[in-house]
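In: Pasting a predicted model and its sequence here:
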Amino acid sequence: MDKLKIGIFCDAYYPQIDGVISVVDNYATRLTELDCDVTVFAPESRKHNYVDDKIYKVVRCKTFKLPFLEYDLPTPKKDKAFMKYIAEHDFDIIHLHSPFSLGKLSSQIANKRKIPSIITMHSQFKRDFLRQTHSRIITKCMLDTIMKVFNRVDYAWAVNKDVAEVFKGYGYKGEPIIVHNATDMLPVEDVDAARLLINEKHNIDDDTEFFLYVGRINIVKNLKFLLNAIKLYKNYGRKFKLVLIGSGQDYKIITKYANKLKLNDVVEFTGAIYDKKLIAKYYSRADLFCFPSLYDCSSIVQIEAASQHTPTVFLRNAVTASTVTDNVNGYFADNSPEAFSEKLNEIMTDKVKLKKISDNAFNDIYITWDKLMVKVLEEYKRIIEEYKIKHTVNTVK
């Protein structure tokens, strides 16, 4: 049997870093390792010296620069070389990971060539659009536009059940299939050595409570909320440290806010860390992973935390916490700094319960991309066969 030819389309890609880009990379890498012929179609990089060194093919298209945003607008139909490459290559299945320029193009290609297409629902677009436009009317128009792409694609996957409901509220007419995210992070082998390393890096004792955040340092991640909660947590008189790993467009704003709250003695920002093995050691040392975001849909960092037996504290009703059960394999706090700090105190007061929930997080939430991609490949093959049968029946009719 010939290699399965898979086209993956995304409207943002490395060297930028975000959750969707990480998902695309892990899909493409693992599917290539499973002997598939994978091509990722993505916008060109702002960094002209950036080199694509992946084991799968990456084909870039020209973009229109958006100087006030982190992302640029791909313009594939104005890129002759890009369109020529697509015209000369066949696919068995197309997977979209965004509904904008490249996503829209790939759905049109799939329809024209009569091959199945899948789109994964990753983001709460309504929040993004409102934040950028400050207009409900414009937001509705933009949602209506992208939902035409979602409803044109043959199959929709959602990263959890709450995200599926969000998109049905946006106007998706079908019933999405739930396909969770995963991680490539493996459990730390020497937990004691990892603990000692992080203790030394941050000049803390072994009995210091350690809270962790990993992700973009961005206002939308609700990090001011977290800092306000930590300010209140100091009132409990406990010995603790909060470390935030990551960089982002609001790094200066958030670090200045921490200084304003006089948290320098208990809060540290490391900046971006690209060594995943080191990040795994941070997760391993952490008592809790603090993730107050109401923006994320299915953040991989909570799965990374679970890989090291570290449970996450979410805000109640956070979409990204859809796979978590409160006080079973994670924790929910009400949406106020007072409630969040109180929850931290409650958790850290009962270490026996914390240990049980930490183990449950590992058992219930942790899954590797290797295991998940075996299932995804089986689903691709099932969809291709189902599509052929359906198309044959419709042609006969």
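Out: All right, it came through fine.
In: those helices in this structure, which residues are they?
Out: Assigned by DSSP state H, the helices in the chain fall at 19-33, 80-87, 101-113, 125-133, 136-152, 161-170, 191-201, 223-233, 251-260, 276-285, 300-307, 337-349, 351-365, 369-396.
In: chain center to the longest one: distance?
Out: So the one you mean is helix 369-396. Relative to the chain's own centre, helix 369-396 is displaced by 25 Å; criterion: CA atoms, centre = their mean, to the nearest Å.
In: so what does it touch, helix or strand wise?
Out: Secondary-structure packing of helix 369-396 (3 or more CB pairs under 8 Å, 6 or more residues apart in numbering; DSSP states H and E): helix 19-33, strand 93-96. Any C-beta I mention is one placed from the backbone N, CA and C, and that applies to glycine too.
In: now residue 203: how far from residue 134?
Out: Distance of residue 203 to residue 134, computed by CB to CB, to the nearest Å: 44 Å.
In: Same check on residue 161?
Out: Counting by CB to CB, the gap from residue 161 to residue 134 is 30 Å.
In: Between these two, which is the more surrounded one?
Out: More neighbours surround residue 161 than the other of residue 161 and residue 134, with 14 against 9 (other CB atoms under 10 Å).
In: I figured that one was touching residue 322, is that so?
Out: Yes: if you go by CB atoms under 8 Å, residue 161 and residue 322 touch, sitting 5.5 Å apart.
In: Can you name the residues that contact residue 254?
Out: 217, 219, 223-224, 227, 244, 269 (CB atoms under 8 Å, 6 or more residues apart in numbering).
In: which of these lies closest to residue 349?
Out: Nearest to residue 349 among the contacts of residue 254: residue 227, at 22.1 Å, using CB to CB.
In: winner for burial among the helices and strands packed on helix 369-396?
Out: Greatest average neighbour count among these goes to strand 93-96 (a mean of 26), per mean count of other CB atoms under 10 Å.
In: Against which helices or strands is that one packed?
Out: Where contact means 3+ CB pairs under 8 Å, 6+ apart, strand 93-96 is packed against strand 5-9, helix 101-113, strand 117-121, helix 369-396.
In: For it, output the C-alpha coordinates as PDB.
Out: Listed next in PDB are the C-alpha coordinates belonging to strand 93-96 (Å, rounded to 0.1, in the frame of the first residue of the first chain):
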ATOM      1  CA  ILE A  93      -6.900  13.600   3.100                       C
ATOM      2  CA  ILE A  94      -6.600  17.300   4.100                       C
ATOM      3  CA  HIS A  95      -6.500  18.500   7.700                       C
ATOM      4  CA  LEU A  96      -7.100  22.200   8.500                       C
END
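In: Now find how far off-centre that strand is within its chain.
Out: 19 Å.
In: Mean pLDDT and distance to residue 316 added to the helices of the chain, as TSV?
Out: As requested, these are exported to TSV (pLDDT from 0 to 100; distance: least, CB to CB, whole Å):
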stretch	mean pLDDT	distance to residue 316
helix 19-33	95	21
helix 80-87	97	45
helix 101-113	96	32
helix 125-133	89	17
helix 136-152	95	25
helix 161-170	94	12
helix 191-201	98	29
helix 223-233	98	13
helix 251-260	98	23
helix 276-285	97	23
helix 300-307	96	15
helix 337-349	98	9
helix 351-365	97	16
helix 369-396	89	27
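In: Highest mean neighbour count out of those helices?
Out: Highest mean neighbour count of the helices of the chain: helix 300-307, a mean of 26 (counted as mean count of other CB under 10 Å).
In: and for that one, what are the contacting residues?
Out: Residues from elsewhere that reach helix 300-307 (CB under 8 Å, 6+ apart): 19, 22-23, 181-183, 185-187, 212, 214-215, 279-280, 283, 286, 289, 291, 311-312, 314, 320-321, 324, 329-330, 361-362, 364-367.
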